[in-house]
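Asks: give the three-dimensional model of this entry:
(one chain, ligands or ions: 1)
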Amino acid sequence: MDILNETIRFGTVGSPQTTPTSGTAAAIAHIRELGLNHLEIAWVQSVRVSDDTCGQIQAAASGYGVTLSIHAPYYINLNSQTTELMQKSDERLLAAARKGCLAGAKDIIFHPGSYHSQPPEQVYERAKEKLLEITGILREEGVNVTLRPETMGKSAMFGNLDEVLQLSRDVPGVAPCIDWAHLHARRGDGTFNSYDEFAAALEQVKDVLGEAGLKNLHFHLSGIAYTAKGEKEHLPLNEADLRYRELLQAFVDYGVEATCAVEAPEPFHTSDALTIQATYRRLVMLKEGVPLKQDAD
Ligand SMILES: [Zn+2]
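Replies: Numbers count the residues shown, from 1 in each chain. You can find the predicted model right below:
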């Protein structure tokens, strides 16, 4: 296997805690030092970054060969209930996309919103219309990014796998962010945690988006704590029940191409990203029949 041509690029959400100085450009250099090759920039409270800083981030990313995604602010809701709230939500998503593009990011990740107890089909139509409008604005401005609604970890939140895949099919410029821990937690009963269930989800991606859909994915991956109502909090892998090795095996078997951002409480987001990356590489080598180091003479 050619490690430089890896089909899944792994990194952290937010700067690795071992980054020696502050700032996103330093975090990008440190991602490269660690041997990771992706960073998800966490603009989760607000987008407050100058065009100058975006230029520095973009230069660091292309210099170090690190790909970037942006986690847009949490307070985005495609189903906002008043005109004023909707306008603020739109502004946050547009700002994350515009600044993210300037910073060299290709993918803008966001939480799509809440059902507010309304019928899911009705919320879906509203979200679709909203995304058609926002992607239209960005296209007109020449802001070339992919908007990626994330699969959410609570059943009260809009954004199950069906909905995220349908939006990706119905709206040009939209593609999925599959948060695997959220899909596991959303069920609340411990299911969605086996090779067969992971493989079925990838089959579903292929059914809705075609083979090309499997080559254009973004993931969030981490351990997670949950109740019957869904997500409670992210956990380090070694405290969680997520069968990530089986998930990675499914990625290998389906020839998935993706970027994968790992979120876990510090300091585990960095070590878990490295563990997940190393496990993935090992599974690729086993599949290709490349002898592992200790076996080779
Ligand atoms: Zn998220």
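Asks: show me where the chain has helices.
Replies: 24-34, 51-64, 83-102, 120-141, 161-170, 180-187, 195-214, 244-253, 268-288 (DSSP state H).
Asks: just so I know, which of those helices lies nearest residue 148?
Replies: For the helices of the chain, the distance to residue 148 is smallest for helix 161-170, at 8.3 Å, taking C-beta to C-beta. C-beta here means a position set from N, CA and C on the backbone, and glycine is covered the same way.
Asks: what's in contact with the closest one?
Replies: 112, 120, 124, 127-128, 131, 149-151, 174-178, 183, 201, 204-205, 208-209, 213 (C-beta atoms under 8 Å, 6 or more residues apart in numbering).
Asks: could you give me the average pLDDT of it?
Replies: For helix 161-170, the mean per-residue pLDDT is 98.
Asks: got the buried residues for that helix?
Replies: Buried residues in helix 161-170, counted by 16 or more other C-beta atoms under 10 Å: 161, 163, 164, 165, 166, 167, 168.
Asks: with residue 200 as the reference, measure out to the residue nearest to residue 201 when sequence neighbours are not counted.
Replies: If the residues on either side of it in the chain are set aside, residue 201 comes closest to residue 161, at 6.1 Å by C-beta to C-beta, 6 or more residues apart in numbering. Distance, residue 161 to residue 200, using C-beta to C-beta, to the nearest Å: 10 Å.
Asks: same check, this time on residue 78
Replies: 27 Å.
Asks: which one's more surrounded, the two?
Replies: residue 78 (26 against 13; other C-beta atoms under 10 Å).
Asks: wouldn't that one be in contact with residue 159 here?
Replies: No - contact criterion C-beta atoms under 8 Å: residue 78 and residue 159 do not qualify, at 9.5 Å.
Asks: anything in contact with each of these two?
Replies: Common neighbours of residue 78 and residue 159 (C-beta under 8 Å, 6+ apart) are 112, 113, 149.
Asks: spit out the contact partners of the residue nearest to the second one when sequence neighbours are not counted.
Replies: Nearest residue to residue 113, sequence neighbours excluded (C-beta to C-beta, 6+ apart): residue 77, at 3.8 Å. Neighbour list for residue 77: 85, 86, 89, 111, 112, 113, 114 [criterion: C-beta under 8 Å, 6+ apart].
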